[in-house]
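J.: Have a look; sequence and predicted model below, questions after that.
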Amino acid sequence: MRTIRPLVLWSIGGLLYVILEMIWRGYSHWTMYLVGGICFLLIGAINEIIPWEMPLVLQCIIGALIVTAVEFLSGCIVNIWLGWHVWDYSDMPLNLLGQICLPFSLLWIFVSAVAIVLDDWLRYWLFDGEKPHYKLF
């Protein structure tokens, strides 16, 4: 069961990321499934590593930093190195190499909130994890 947990959570996260992108942009790319799954696993690890007493707002900021870092790294590989042009933030303000930008990094704070809560409840329901409880600030 312990080896299946990350695979299940990665699959759910990847699927939700692709769905979110389909809603937002009208299309996605198979690499976004991989990136979304990785982000979901890393965001889910926040409550596995740091005590539940950490305010949810701070968890969301950490989650946004995680997504921004994964997005930058994967963007450098997929868009710059491989030249697949999956996304391009060059026209967005405060972008870095067209791979990340401040407006989307701020958006990831809110998306991270959903991911944190969903991951915690999935771990509780599917894997007999600790029942989620939060401190907002």
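T.: Perfect, thanks for sending it. Note that the coordinates shown come from a computational prediction; the quantities given were computed from them, not determined experimentally.
J.: what about the helix or strand of the chain with the lowest mean pLDDT, distance to the chain center?
T.: Ranked by mean pLDDT, DSSP states H and E, the weakest helix or strand in the chain is helix 46-49, scoring a mean of 90. Centroid separation for helix 46-49 versus its chain: 14 Å, with Cα atoms, centre = their mean, to the nearest Å.
J.: go on, stretch 31-51?
T.: The chain centroid and the centroid of stretch 31-51 are separated by 6 Å under Cα atoms, centre = their mean.
J.: Over to stretch 10-18?
T.: Computed by Cα atoms, centre = their mean, the chain-centroid distance of stretch 10-18 equals 9 Å.
J.: what's the single longest helix in this structure?
T.: Longest helix in the chain, counting residues (DSSP state H): helix 102-127.
J.: name the helices or strands packed onto that one?
T.: Under the contact criterion of 3 or more Cβ pairs under 8 Å, 6 or more residues apart in numbering; DSSP states H and E, helix 102-127 touches helix 4-25, helix 30-44, helix 46-49, helix 56-75. Every residue, glycine included, has its C-beta placed from N, CA and C.
J.: got a list of contacts for the least confident helix or strand of the chain?
T.: Residues outside helix 46-49 that contact it (Cβ atoms under 8 Å, 6 or more residues apart in numbering): 54, 59, 62, 63, 116, 119, 120, 132.
J.: Let me know whether the second one touches residue 115 as I believe.
T.: In other words, residue 59. No - Residue 59 is not in contact with residue 115 according to Cβ atoms under 8 Å; the separation is 9.9 Å.
J.: Show me which residues of the longest helix of the chain are buried.
T.: Residues of helix 102-127 classed as buried by neighbour count (16 or more other Cβ atoms under 10 Å): 104-105, 108-109, 111-113, 115-116, 118-120, 122-123.
J.: What of stretch 67-86?
T.: Going by neighbour count (16+ other Cβ under 10 Å), the buried part of stretch 67-86 is 67, 68, 70, 71, 74, 75, 78, 79, 86.
J.: Could you provide those in TSV, with additional columns for pLDDT and distance to residue 43?
T.: Shown next, in TSV, are the buried residues of stretch 67-86 (pLDDT from 0 to 100; distance: Cβ to Cβ, whole Å):
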residue	pLDDT	distance to residue 43
67	98	7
68	98	12
70	98	10
71	98	13
74	98	15
75	98	18
78	98	20
79	98	22
86	97	21
